[in-house]
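Asks: Give me a model of this one.
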Amino acid sequence: MSQRKLMPGKLVVASHNNGKIREINELLEPYGFEVTSAADQNLAEPEETGLTFEANAELKAVAAAKASGLPSLADDSGFCVEGLDGQPGIYSARWAGPEKDFAMAMRTIEEKLEAIPAVAGADRRGYFVAVLCLAWPDGHTEMFRGEVHGQVVWPPRGDKGFGYDPVFQPDGYDRTFGEMTSEEKHGWSADTPALSHRARAFELFSKACLEN
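Replies: Below is the predicted model of the structure:
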């Protein structure tokens, strides 16, 4: 399908994750949208039955667009560790359990790496993936994927960001995402390339749907 321009107006961020909602709102702020979230709209969270980030992002975006009657933007993202064959990947949130205990999830990753053992090098490589799906109520969808690669560090560093940010140090930096402000983590401005996986996906989305 051809790409479709998204005009300013009401837009649903199809998420109940406060960290994701905050970051997407920050990225959308310059474009003049009236942003609401799936949580604000009291929309049920669909079961993420997809086997890829793309499938789960589409599932969430389409469900929110149909339920709200508004264009909806969904993110499916995760942390992939090369020494663990890409785990936790699409199951990143599930590794944190129903209480969303990411401190536990980060410890689980480290324990699994120590069991290999993965002391340094390729086994401690990791990357974040974010897929954004924009869906309209008529079923039209657009998909955008961003990745950022780096090292898995231990112990966790920093209390900014959310999720697995404190154990991920992106290539070319000496700080983790957990030690960076939102502006630094996004890294996206007129003269700075996007840094985070979500900002890289958003940059593709904005060029295709907001600026064309």
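Asks: all strands of the chain, in order?
Replies: With DSSP state E as the criterion, the chain has strands at 10-13, 34-37, 72-81, 125-135, 141-152, 168-170.
Asks: T108 and A96 touch, don't they?
Replies: No: T108 is beyond contact range of A96, at 9.1 Å (criterion: C-beta atoms under 8 Å). No exception for glycine: its C-beta is placed from N, CA and C like everyone else's.
Asks: hmm, back to that, quick one, which of the strands of the chain is packed in tightest?
Replies: Stretch with highest mean neighbour count among those: strand 72-81 (a mean of 26; mean count of other C-beta atoms under 10 Å).
Asks: Can you give the distance of that strand from its chain's centre?
Replies: What separates the centre of strand 72-81 from the centre of its chain is 4 Å, taken as C-alpha atoms, centre = their mean, to the nearest Å.
Asks: I'd say P71 and A14 touch.
Replies: No: counting by C-beta under 8 Å, P71 does not reach A14; the two are 10.1 Å apart.
Asks: quick one: which of those two has more around it?
Replies: A count of neighbours by other C-beta atoms under 10 Å puts A14 above the other of P71 and A14, at 33 against 22.
Asks: by contact count, what packs against the top helix by length along the chain?
Replies: Longest helix in the chain, counting residues (DSSP state H): helix 53-68. Helices and strands touching helix 53-68, by 3 or more C-beta pairs under 8 Å, 6 or more residues apart in numbering; DSSP states H and E, are strand 10-13, strand 72-81, strand 125-135, strand 141-152.
Asks: Out of these, which is closest to Y31?
Replies: strand 10-13 (9.1 Å; C-beta to C-beta).
Asks: which neighbours does that closest one have in its sheet, and in what orientation?
Replies: strand 34-37 (parallel), strand 72-81 (parallel) (DSSP bridges).
Asks: Can you redo the ones you listed as CSV, where the extra columns are mean pLDDT?
Replies: Formatted as CSV, the strands paired with strand 10-13 follow (pLDDT from 0 to 100):
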stretch, mean pLDDT
strand 34-37, 93
strand 72-81, 96
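Asks: Take the ones you listed and write them to CSV, including distance to R198.
Replies: Shown next, in CSV, are the strands paired with strand 10-13 (distance: least, C-beta to C-beta, whole Å):
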stretch, distance to R198
strand 34-37, 15
strand 72-81, 7
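Asks: Quick one: closest of these to A122.
Replies: The nearest among the strands paired with strand 10-13, by C-beta to C-beta, is strand 72-81 at 10.9 Å.
Asks: pull the CA atoms of that closest one into CSV?
Replies: Extracted C-alpha coordinates of strand 72-81, given in CSV (Å, rounded to 0.1, in the frame of the first residue of the first chain):
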residue,chain,number,x,y,z
SER,A,72,-3.2,4.9,16.4
LEU,A,73,0.5,4.5,16.8
ALA,A,74,1.8,1.4,18.5
ASP,A,75,5.3,0.4,19.5
ASP,A,76,6.6,-3.1,20.0
SER,A,77,10.1,-3.2,21.3
GLY,A,78,12.6,-5.4,23.1
PHE,A,79,16.1,-6.1,24.2
CYS,A,80,18.1,-8.8,22.3
VAL,A,81,21.3,-10.3,23.7
